[in-house]
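1. Here's my sequence, what's the structure:
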Amino acid sequence: MENRRGYSVYQIALHWLIAVFVLFQLFFGESMTTVVDAVENGQPVSTTDQALGSAHYWAGLAILALVLLRLVLRLASGATASANRGPRWMQLAAHALHGLFYMLLLATPVAGLLAFYVGDPWGDIHSLAKPALIVLIAAHALAALYHQFWLRDGTLKRMLSPAG
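-> Okay, here's the model as predicted:
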């Protein structure tokens, strides 16, 4: 149900808050691996790695909760109308990219929790999310810049300022 022209302040805030948490995870998430490996090998864990590992756990839970909230908000208020009525392939690519984002942003924390509490193979599955997210983020950012500077259709502006 596409009915609105822009995003609400809540949708924009959730988008950027999730983005910040995901970037934190991508940059500092390896500390969780360091902690798990050290514990499995009976080695001491540095205070920094312990703190970052703990932050990784809680940031993952935050991502899961915020994405669920974002989906509830989307279901309650509907999706925004496309800023650009471009070629069909571009619309399909945008829907596919967003669908993959939602899927990964839900599945990754769940796999991480399963890895933490159950163990393998969930840790290996969880670690596959990092390169997938990097590719999706790059595609998403490039598409936003393409819309902003090539098509000049206002797509990027809609995620920076709420609909009036």
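2. Regarding the residue of the chain most remote from its centre, what is its secondary structure?
-> For the chain, the residue at maximal distance from the C-alpha centroid (CA atoms, centre = their mean) is residue 42, at 33.2 Å. Following DSSP: H, G, I helix; E, B strand; the rest coil, the label given to residue 42 is coil.
3. Distance check, it against residue 48.
-> Going from residue 42 to residue 48 by CB to CB, to the nearest Å gives 19 Å. Placement of C-beta: from N, CA and C, glycine included.
4. Residue 54 too?
-> 11 Å.
5. which residues in the chain form helices?
-> Remark: helices assigned in the chain by DSSP state H are 9-28, 30-40, 47-77, 88-117, 122-127, 129-146, 155-158.
6. Just send those back as CSV, with mean neighbour count and mean pLDDT too.
-> Output for the helices of the chain, formatted as CSV (neighbours: other CB atoms under 10 Å; pLDDT from 0 to 100):
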stretch, mean neighbour count, mean pLDDT
helix 9-28, 16, 94
helix 30-40, 16, 89
helix 47-77, 16, 94
helix 88-117, 15, 93
helix 122-127, 17, 94
helix 129-146, 14, 94
helix 155-158, 17, 78
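7. Can you tell me the centre-most residue of the chain?
-> Mean-position check on the chain, CA atoms, centre = their mean. Result residue 105 at 4.8 Å.
8. how near is the closest residue to it other than its chain neighbours to residue 73?
-> Distance criterion CB to CB, 6 or more residues apart in numbering; nearest residue to residue 105, sequence neighbours excluded, is residue 67 at 4.5 Å. As judged by CB to CB, residue 67 and residue 73 stand 11 Å apart.
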